[in-house]
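Q: model the following, please.
(3 chains)
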Amino acid sequence: MKQSQITVFRDQLITWFEANKRDLPWRRTDDPYSIWVSEVMLQQTQVKIVLDYYERFLESFPTVIDLSQADLQLVLKSWEGMGYYARARNLHQASGIVRDKFDGQLPRDQGSFRSLPGAGEYITAAVLSRAFDKPLAVVDGNVKRVLSRLFMIDEPINSANANRQFAEHASTMLDPQRPGQFNEAMMELGATICTPKNPNCKICPVSNFCESYIQDRQRDYPVTAIRKAIPHHHLVVSVICKDDKILIVRRPLSGLLGGLWELPGGEIEKNETGISACSRIIKDSTNLDIETPEQITRVKHAYSHFSIEIDVYRSRYKLGDVYLKDHIDYRWINWAETDDYAFHQAHRKIFNKLTKG
DNA sequence: AAAACGGGGAC
DNA sequence: GTCCCAGTTTT
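A: Next comes the predicted model:
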């Protein structure tokens, strides 16, 4: 695209954006920390979900200093149900770095900000362009889809080596005078008009520049690579009752669902009954002996790279002291106390079923 | 370069 | 059911 055309593209896009943008809470602030929080939450998470968390999180942790001084368990509780919990752990860790190494101020320098845990290319560009007018182009799923259609890019948007190509296009188009507005406008276009299915090209403010639209091939873009099939796992967990308490355990801080709480359990093996699997797994993971377990419910849950079904057993504590194999902590708690701990969503499903039933 | 990492809205 | 979302880190 010629430079003169690029200038017109920017004007058309930003004019449309200013007239049509959604009223979102993180658009009402210029506070860099608040903008940062919103960008971390919005990573791979839909706007509608983040709306339920953003303002409550900032009420709990109004400044980067407040966040840095908060207990990680409280931060995870605020994140409970949103997924990708490493974001919360990284944000919490990064807040401490901002406090100790950057005098409590978010670094404005690209390299410094990028070095914070959880700050990748996207977050760095998004925060620094919005908060400090740095001319850095964001490249997210929306932007890639828009660019794919705009320039008829045949590289799959979910392939690793496409990123450089998309980043170059994004940088070329970026309005260096209004980088924050431009970035938001590109994403807003992708979110509301240039959608994955059935793009609304009739009302698109830049359709006159869109190569795929001009050829009526917008439905052929973006190109995506095929995904692999996802495996399925069958798990058992147990509600172990000891007097009026039940046992919960805390997952390691790294890896899947890191730092969250759950009922003890594990994967059932082939040719193993649920009852024997339950007893074996409880002994192996907690060192406890339990009375014969009895199944009380079953839940299904899907992650992005595998799916699970969990058979839930009730059992009575028989013998032994807790000695954890993989988990990092445990508690004997009342049912009501489950609200005080951050559980992952599969367990919220379990608790909801047992409470209703 | 590929896999790990959550959960749910939209279709 | 499938797709994919204001991506980053680890392997």
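
Q: OK, contacts around whatever residue of chain A ends up closest to DNA strand B?
A: For chain A and DNA strand B, the shortest gap (C-beta to the nearest atom of the strand) falls at A:Gly83, measuring 2.8 Å. Just so you know, the C-beta spots here come from the backbone N, C-alpha and C atoms, and that holds for glycine as well. When contacts are counted by C-beta atoms under 8 Å, 6 or more residues apart in numbering, A:Gly83 touches A:Thr45, A:Gln345.

Q: sec struct for it, please.
A: Under DSSP: H, G, I helix; E, B strand; the rest coil, the three-state class of A:Gly83 is coil.

Q: so how far is DNA strand C from it?
A: When C-beta to the nearest atom of the strand, to the nearest Å is the yardstick, A:Gly83 and DNA strand C sit 9 Å from each other.

Q: and that residue, what's its pLDDT?
A: Note for A:Gly83: predicted pLDDT of 98.

Q: ok, A:Ile230 next?
A: 89.

Q: could you pull up phi and psi at A:Val139?
A: phi -130, psi 100 (degrees, to the nearest 10).

Q: my guess is it meets A:Gln165, correct?
A: No: A:Val139 is beyond contact range of A:Gln165, at 9.9 Å (criterion: C-beta atoms under 8 Å).

Q: comparing the two, which residue is more hemmed in?
A: Shown here are A:Val139 and A:Gln165; by other C-beta atoms under 10 Å, A:Val139 has more neighbours (24 against 18).

Q: how about stretch A:314-331 against DNA strand C, any contact?
A: No: Stretch A:314-331 lies out of reach of DNA strand C by C-beta under 7 Å from any atom of the strand, never closer than 14.9 Å.

Q: how long is that stretch end to end?
A: By C-alpha to C-alpha, to the nearest Å, the extent of stretch A:314-331 from end to end equals 17 Å.

Q: what comes into contact with it?
A: Contact with stretch A:314-331 is made by A:238-242, A:247-253, A:261, A:264, A:278-279, A:282, A:284-294, A:296, A:337, A:341, as judged by C-beta under 8 Å, 6+ apart.

Q: repeat that for stretch A:25-38.
A: With C-beta under 8 Å, 6+ apart, stretch A:25-38 has contacts from A:21, A:50-51, A:54-55, A:57-58, A:63-64, A:91, A:106, A:123, A:126-127, A:130-132, A:184.

Q: and with 7 Å instead?
A: If you take C-beta atoms under 7 Å, 6 or more residues apart in numbering as the criterion, stretch A:25-38 is touched by A:Lys21, A:Tyr54, A:Glu55, A:Phe57, A:Leu58, A:Thr63, A:Val64, A:Leu106, A:Val127, A:Arg130, A:Ala131.

Q: residue ranges with poor pLDDT in chain A?
A: For chain A, the stretches with pLDDT under 70 are A:357.

Q: can you list the domains in it?
A: Per the record, chain A has its domains at A:3-220, A:232-356, by automatic domain parsing.

Q: and the helices in the stretch 251-357 of chain A?
A: Here the stretch 251-357 of chain A has its helices, by DSSP state H, counting those that start in this stretch, at A:274-286, A:345-356.

Q: is DNA strand B contacted by the shortest one?
A: Yes: on the criterion C-beta under 7 Å from any atom of the strand, helix A:345-356 is in touch with DNA strand B at A:Gln345, A:Ala346.

Q: residues contacting A:His92?
A: A:Leu67, A:Leu72, A:Val75.

Q: list the residues that contact the last one.
A: Under the criterion of C-beta under 7 Å, 6+ apart, the neighbours of A:Val75 are A:Ala88, A:His92.

Q: repeat that for the one 10 residues further on.
A: Taking C-beta under 7 Å, 6+ apart as the criterion, A:Tyr85 is in contact with A:Leu76, A:Trp79, A:Leu257, A:Gly258, A:Gly259, A:Leu260.
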